[in-house]
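1. Pasted the sequence and its predicted model underneath.
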Amino acid sequence: MKVSEIMTKATVTDAAQDTLAEAAARMWNAQTGSLLVMEGEHLLGIVTERDVLRAIAHGMDPNQVPLKDLMRTDVITVGPQTTLKEAAKLMATKWIRHLPVVEGSRVVGILSQRDLTGVLAEALHEPEALHQLVEASDLIRERRLKRIEAGDLD
């Protein structure tokens, strides 16, 4: 199964100067856990619900902090033809929950762990798909255990 088969439309903003509060509201309204920060067609960065929570936990004022000061600019992406197994492995090894889907230089969607969970639920009746998802799940668990053993919990 390919990423393009389950990816969702990405929630985006063209305003890197938007505040965290504005980003949180946009994510809430779109019922998504991430926001892609764009400049025209160019992907500048990503902000996730965890980034917003981390900023607030560190005492930042969400009404004052612009996205450009918090967004992650080292965005890892996948193509629409990437397999779900490859995408899940990438998420597990890089400790990320959202993968922008890029075709050429254009963002065409986003894949989240929630999307993968939905496929898992549907795959309970499809043995081959279930097998692939179990393999990906085992890999994620193995990576998490190694990370815990290494003391890298953030």
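-> Ah, there it is.
2. How about the residue nearest the centre of the chain: what's its closest non-neighbour residue?
-> Nearest to the mean C-alpha position of the chain, counting by Cα atoms, centre = their mean, stands H98 at 0.8 Å. Beyond its immediate neighbours in the sequence, the residue positioned closest to H98 (Cβ to Cβ, 6 or more residues apart in numbering) is S34, lying 4.1 Å away. The way it works is simple: take the backbone N, C-alpha and C, and place the C-beta from them, glycine included.
3. for the one you found, what are its contacts?
-> S34 makes contact with A10, T11, M27, I46, V47, T48, E49, R97, H98, I110, S112, according to Cβ atoms under 8 Å, 6 or more residues apart in numbering.
4. so how far is Q17 from the closest residue to A92 other than its chain neighbours?
-> Nearest residue to A92, sequence neighbours excluded (Cβ to Cβ, 6+ apart): I140, at 4.1 Å. Applying Cβ to Cβ, to the nearest Å, the value for I140 to Q17 is 36 Å.
5. which helix is the longest one in the chain?
-> helix 127-149 (DSSP state H).
6. What residues sit buried inside it?
-> A129, Q132, L133, A136, L139, I140, R143 (16 or more other Cβ atoms under 10 Å).
7. And for the third one, nearest residue in space, chain neighbours not counted?
-> In space, and not counting its chain neighbours, L133 is closest to L120: 4.9 Å by Cβ to Cβ, 6+ apart.
8. Before I go, just wanted to say thanks for your time.
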